[in-house]
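*Asks:* Following is a predicted model, sequence given first.
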Amino acid sequence: MGEPCAVIGVGQTEYRTRRLDVSMAGLVREAAWRALQDAGLDWGDIDAVVVGKAPDLFEGVMMPEAYLADALGARGKPLLRVHTAGSVGGSTAIVAAGLIHSGRHERVLTVAWEKQSESNATWALTVESPHNTSLVVGAGGYFAPHIRAYIARSGAPTHIGTLVAVKDRLNALKNPYAHLKIPGISREMVESTPMLWEPIRYLETCPSSDGACAMVLASERAARRAPNPPAWVLGAAMRSEPLFFAGRDTVNPRAGRDAAAEVYRQAGITDPRRELDCAEVYVPFSWYEPMWLENLGFCGEGEGWKLTEAGATALDGDIPWNPSGGVLSSNPIGASGMIRFAEAALQVRGMAGEHQVDGARTALGHAYGGGAQFFAMWIVGSDKP
Amino acid sequence: MPSSPNHVLEFPGGYTRSVGPVIGRFLSELRDGRLMGVRTASGRVLVPPTEYDPDTGAAVTDEWVEVGPAGTVQSWSWVPRPRHGHPLDRPFAWALIKPDGADTALLHALDMGVHELGAKPPKTLTTGMRVRPRWRAERRGHIGDIECFLPEVAVITAPTRLEYRLRPGRAQDRFLEGISQGRILGDRCPVCEQVIVPMRGLCPRDGVPTVEEVELPHTGTVTTFAVNNIPDPRAPEVPFVSAYVLLDGAGMTMLALVAGVPADRVRMGMRVRAAWRPRREWGRTMDNIKWFEPLDEPDVPFERIKDYL
């Protein structure tokens, strides 16, 4: 991996349905400034900026990296934009980490955001062409058949999705930045909500959020001067695969398995369930928790739902997943992957507040996007590799 | 109030009012397009000004302060049906507005945009909202020199439209030609030997060009599906079923609408057939296939579809 890379600053905005009080530039600056404050730095201390967001058609801002260059203090500095659909927050952080690993830069600011209130994701994801026809079913309509296939293949009881929907929302009550706060959330409440895209119920889906997340990544020398404890990047991997090809496994995509194998290899992890202390995993529909438990090798194929059912992934379980409340509780799409990466870093820095996993020293951040095609993952730890 | 009075009493020409030095200054400034307040001995800024501090009865000072013109709504009352003599002829709010820099509020009309007569107050009308005056072009030294207040600009609209000339490319062109003749065309990968449909001229898995064109039957099997309770312009009704259909002989599924069967009767493994629109409506488009309908055949066992999920 080259030179060591540390997360020395994390900044998040509060995630809300509508942030009408700020412009897009104001939104990203809010997160970036909080990350700089955490790192004890000012705009001038940053060597390079890496920006990520979901497809341009979401808000109709073309080349947002050029539009935001001034707002992010990037004048006269290298500025990169990363674009890998919903996984972009994760891959943006990995590109930024690469600038440190390579020894090229000392301090890199990385930011991802989405202002869903000024967007229409369902429209943007199903733009018509004269040569293709697409059903306007949105992300839920796309993923529902794959969830049904998982249930059929694994024999999971139908209430497993409900358990995840409750567990992540209980965690969100402990996270000051979380969007959905549902006091008294219960299985009965989730089960009483309508099926939007059967087998996905309303409360088994993520909200639409406005928000931004930022991190300051640093070299070993720069990390030594940071006021707060660093999180060290122990491994980072990205993989992707086409949307349609003969023999594709959409339930347990090969790109996800390959990325996981690579990130574990780099971090020297052979048994993720035992060796990781917690994980922030991109779960926008509740059933993706058991599906990704299997894809990420936390258990054998067909066993993921048993971990969820046994409470292993709860905040007091042996491998807490999404202590922050996850994507099910806050979903500014372009930022959602970076929030996973940043929350993993907060855990191993001991700075996660009320949703801190006691003694967490090694954590996984995960993001996926497109039709479960693009995967980005990193593992961070309290100790320098 | 009677809508058509049967008697009118009106003072000829209107009463005159001498306004004195304080109100006079305020109105003169208004005529110049400025909103001014006066300071009391205790330091408060009164807008509109009075000649005496209402708290103490003492005369106000000679110090004038320019305030606003932006301000904050402290309270409001919605007028769903304006009356004769109201400043606006569409629904509006009376609002107590505290101009920036003032310690008191003034009462004025707040225009919330176009609403039907009798409309409920809009959600954007809130205590604490930021507003600014709309000045009249012709001013005469009167509180009506401010026609009304308006919400501050919070959101603008950015119309976006891109125009393209799209070409389908060689493989898709051939596929659409087939569709326009009622045929479904795929192509076989020389490496994995799977049939790729719709044809695309290459195998995305093996990364090689395809060489053999394959015409597929119009029958297949539902591998998996979603029951959508959110409307789609193409779907006949809500709920509707979007399904992955594995055409007989194909190596991969296609996303399609399934209809002609109640949504709760659709099954994994269900056999289906393409329902084509009438031939006279055909074009070079997948729309020629309206949807897939059930076929009266036994379901395919899960074992035989599980590798196509």
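*Replies:* Received, thanks.
*Asks:* contacting residues for B:Arg205?
*Replies:* Applying CB atoms under 8 Å, 6 or more residues apart in numbering or on different chains, one finds that B:Arg205 lies in contact with A:242, A:245-248, B:189, B:192. All C-beta spots, glycine's among them, are computed from the backbone N, C-alpha and C.
*Asks:* how long is stretch A:205-221 end to end?
*Replies:* With CA to CA, to the nearest Å as the measure, the ends of stretch A:205-221 fall 43 Å from one another.
*Asks:* same thing with stretch A:351-369?
*Replies:* 28 Å.
*Asks:* One more: stretch B:103-122?
*Replies:* From its first residue to its last, stretch B:103-122 covers 27 Å (CA to CA).
*Asks:* Can you confirm whether that stretch lies near chain A?
*Replies:* No: applying CB under 8 Å from any CB of the partner chain, one finds that stretch B:103-122 is not in contact with chain A, the shortest distance being 14.0 Å.
*Asks:* Mind listing residues that contact that stretch?
*Replies:* B:37, B:44-48, B:71, B:73-76, B:78, B:80-81, B:86-88, B:90-99, B:124-125, B:131, B:133-134, B:143, B:146, B:148-151.
*Asks:* List buried members of these by neighbour count.
*Replies:* Under a neighbour-count criterion of 16 or more other CB atoms under 10 Å in any protein chain shown, the subset of those counted as buried comprises B:37, B:44-48, B:71, B:73, B:76, B:78, B:87, B:90-93, B:95-99, B:125, B:131, B:133, B:146, B:148-149, B:151.
*Asks:* If we check chain A, which of those are in contact?
*Replies:* With CB under 8 Å from any CB as the criterion, the subset of the buried ones among the contacts of stretch B:103-122 in contact with chain A is empty.
*Asks:* Return the subset of the residues you listed lying in strands.
*Replies:* B:37, B:45-46, B:71, B:73, B:76, B:78, B:92-93, B:95-99, B:131, B:133, B:146, B:148-149, B:151 (DSSP state E).
*Asks:* how many neighbours does B:Leu202 have?
*Replies:* Counted with other CB atoms under 10 Å in any protein chain shown, the neighbours of B:Leu202 add up to 15.
*Asks:* Endpoints of stretch A:180-200, how far apart?
*Replies:* The first residue of stretch A:180-200 is 18 Å away from its last residue (CA to CA).
*Asks:* Tell me how far A:Leu234 lies from B:Thr124.
*Replies:* For A:Leu234, the distance to B:Thr124 under the criterion CB to CB, to the nearest Å works out to 49 Å.
*Asks:* A:Pro284 too?
*Replies:* On the measure of CB to CB, A:Pro284 and B:Thr124 end up 30 Å apart.
*Asks:* Report the contact partners of the residue nearest to B:Val45 when sequence neighbours are not counted.
*Replies:* In space, B:Val45 comes closest to B:Gly37 once its chain neighbours are excluded; the distance is 4.2 Å by CB to CB, 6 or more residues apart in numbering or on different chains. Listed by CB under 8 Å, 6+ apart, the contact set of B:Gly37 reads B:45-49, B:64-65, B:67, B:99, B:101-102, B:104.
*Asks:* residue contacts, whatever residue of the stretch 201-350 of chain A ends up closest to chain B?
*Replies:* In the stretch 201-350 of chain A, no residue comes nearer to chain B than A:Ala246, which is 3.4 Å away by CB to the nearest CB. Contacts here follow CB under 8 Å, 6+ apart; on that basis A:Ala246 touches B:189, B:192, B:194-196, B:203, B:205, B:251-252.
*Asks:* That one: what secondary structure?
*Replies:* coil (DSSP: H, G, I helix; E, B strand; the rest coil).
*Asks:* And A:Gly98, by the same measure?
*Replies:* Under the three-state scheme (three-state DSSP), the conformation of A:Gly98 reads as helix.
*Asks:* State the distance from it to chain B.
*Replies:* 26 Å (CB to the nearest CB, to the nearest Å).
*Asks:* residues in contact with that residue?
*Replies:* Listed by CB under 8 Å, 6+ apart, the contact set of A:Gly98 reads A:Ala236.
*Asks:* Do you know the pLDDT at it?
*Replies:* According to the prediction, A:Gly98 has pLDDT 98.
*Asks:* quick one: it from A:Ala39, how far?
*Replies:* Distance of A:Gly98 to A:Ala39, computed by CB to CB: 19 Å.
*Asks:* got a list of what A:Gly371 touches?
*Replies:* With contacts defined as CB under 8 Å, 6+ apart, A:Gly371 is in contact with A:142, A:243, A:250.
*Asks:* Please repeat the previous calculation with a cut-off of 6 Å.
*Replies:* Under the criterion of CB atoms under 6 Å, 6 or more residues apart in numbering or on different chains, the contact partners of A:Gly371 comprise A:Leu243.
*Asks:* Now do the SS call for it.
*Replies:* Quick answer, by three-state DSSP: A:Gly371 is coil.
*Asks:* what pLDDT does it get?
*Replies:* 91.
*Asks:* Equivalent analysis for B:Pro21, please.
*Replies:* According to the prediction, B:Pro21 has pLDDT 87.
*Asks:* what about it, which helix or strand?
*Replies:* Taking DSSP states H and E as the definition, one finds B:Pro21 inside helix B:20-31.
*Asks:* if I look at B:Pro231, how far off is A:Gly256?
*Replies:* Distance, B:Pro231 to A:Gly256, using CB to CB: 32 Å.
*Asks:* neighbour-wise, which of those two wins?
*Replies:* Set side by side, B:Pro231 and A:Gly256 show more neighbours around A:Gly256, with 26 against 12, by other CB under 10 Å.
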